[in-house]
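S.K.: Build me a model:
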Amino acid sequence: MLTLRPDQQRGFRDFGWLQARHTFSFGSYNDPAHMGYRTLRVINEDRVAPGRGFDTHPHRNMEIITYVVEGRLAHKDSTGGAGEIRPGQVQWMSAGSGVHHSEFNTDSSRPLHLLQIWILPDRSGYVPAYDQLDLPTGPGLHVAASPQGREGGVPIRQDATLLVGRFTAGQAAERPLAQGRGVWIQLIRGELAVLGQTLLPGDGVAIEGEPAIRLLAGTSAEFLYFDLA
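M.R.: Take a look at the predicted model:
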């Protein structure tokens, strides 16, 4: 079974310095029909103006993953975690029992394009933690996050695996879907057919009850692939 979440149905807020699209209910975008998918709670696609960003603010009990599409993101948090995240990298912050952090576009002339993901942890009260890593640069499906890092990627505290897909035009792949699990795919750029359903940029899709997920890029494509308990 495949359930499409089209780009034009996402929430949208324009703050001038920030343009934000919300796949699921978030902040002042209240959407009781779309509160997340399984343990995936937030997918925010943000475009941040040059030199602007998010001042220091708190979070608790959430696994927060940031993926930069274009630009540079400076991160600093109360665990001592800090770094500049660029395209081809992924950042993880486990808010755990409580953390304060800030994030800014360090480029004074170009906007920043990123996706921020929140995943519910398997329990509350973890010690906060931070990590980031470089992903492979070639085409394919690359593990960006996995339970405790067992399959590679940053070590999130949930039975969820995030892969970043970068396909060339015409590239295809098939991944098995274990019984009882679900997949969410979020297309960032390009055109991607999922089980014959064509996705365009900003579209998301939930998949359950299929033995395997077939992917085919109509053009070069970049996307996020979540495998969730």
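
S.K.: What residues are bridge-paired with the residue nearest the centre of the chain?
M.R.: Centroid-nearest residue in the chain, with Cα atoms, centre = their mean: residue 117, separated by 4.1 Å. Bridge pairing for residue 117 (DSSP bridges) gives the partners residue 43, residue 65.

S.K.: So it sits against residue 62, correct?
M.R.: No. The pair residue 117 / residue 62 is not scored as a contact, 9.9 Å apart, by Cβ atoms under 8 Å. The way it works is simple: take the backbone N, C-alpha and C, and place the C-beta from them, glycine included.

S.K.: one step back: how much space between the residue nearest to the centre of the chain and residue 1?
M.R.: Residue 117 is 23 Å from residue 1, where distance means Cβ to Cβ, to the nearest Å.

S.K.: Check residue 138 too.
M.R.: Remark: distance between residue 138 and residue 1 (Cβ to Cβ) = 32 Å.

S.K.: quick one: residue 64 and residue 90 touch, right?
M.R.: No. Using Cβ under 8 Å, residue 64 is not in contact with residue 90, being 11.3 Å away.

S.K.: Next, show the common contact partners of those two.
M.R.: Common neighbours of residue 64 and residue 90 (criterion: Cβ atoms under 8 Å, 6 or more residues apart in numbering): none identified.

S.K.: Give the residue spans of this protein that score low on pLDDT.
M.R.: Along the chain, the model assigns pLDDT under 70 to no residue.

S.K.: repeat that for 90
M.R.: The model of the chain has pLDDT under 90 over residues 76-77, 79-83, 88, 101, 137.

S.K.: Checking residue 107 next. Helix, strand or coil?
M.R.: Using DSSP: H, G, I helix; E, B strand; the rest coil, the structure places residue 107 in coil.

S.K.: Quick one: neighbours of it, just the number.
M.R.: Residues lying near residue 107 (other Cβ atoms under 10 Å) number 17.

S.K.: wait, what's in contact with it?
M.R.: Shown in contact with residue 107 (Cβ under 8 Å, 6+ apart): 50, 51, 71, 72.

S.K.: Please name the residues that touch the closest residue to the last one other than its chain neighbours.
M.R.: By that I understand residue 72. Spatially, and ignoring its direct neighbours in sequence, residue 72 is nearest to residue 106 (4.8 Å; Cβ to Cβ, 6 or more residues apart in numbering). Residue 106 is in contact with 51, 72, 73, 74, 84, counting by Cβ under 8 Å, 6+ apart.

S.K.: was I right about residue 113 contacting residue 46?
M.R.: Yes. Using Cβ under 8 Å, residue 113 is in contact with residue 46, at 7.5 Å.

S.K.: My guess is residue 47 contacts residue 16. True?
M.R.: No. Here residue 47 does not reach residue 16: they are 11.4 Å apart, not a contact under Cβ under 8 Å.

S.K.: and the two? which has more neighbours close in?
M.R.: Between residue 47 and residue 16, residue 47 has the larger neighbour count (other Cβ under 10 Å), namely 18 against 7.
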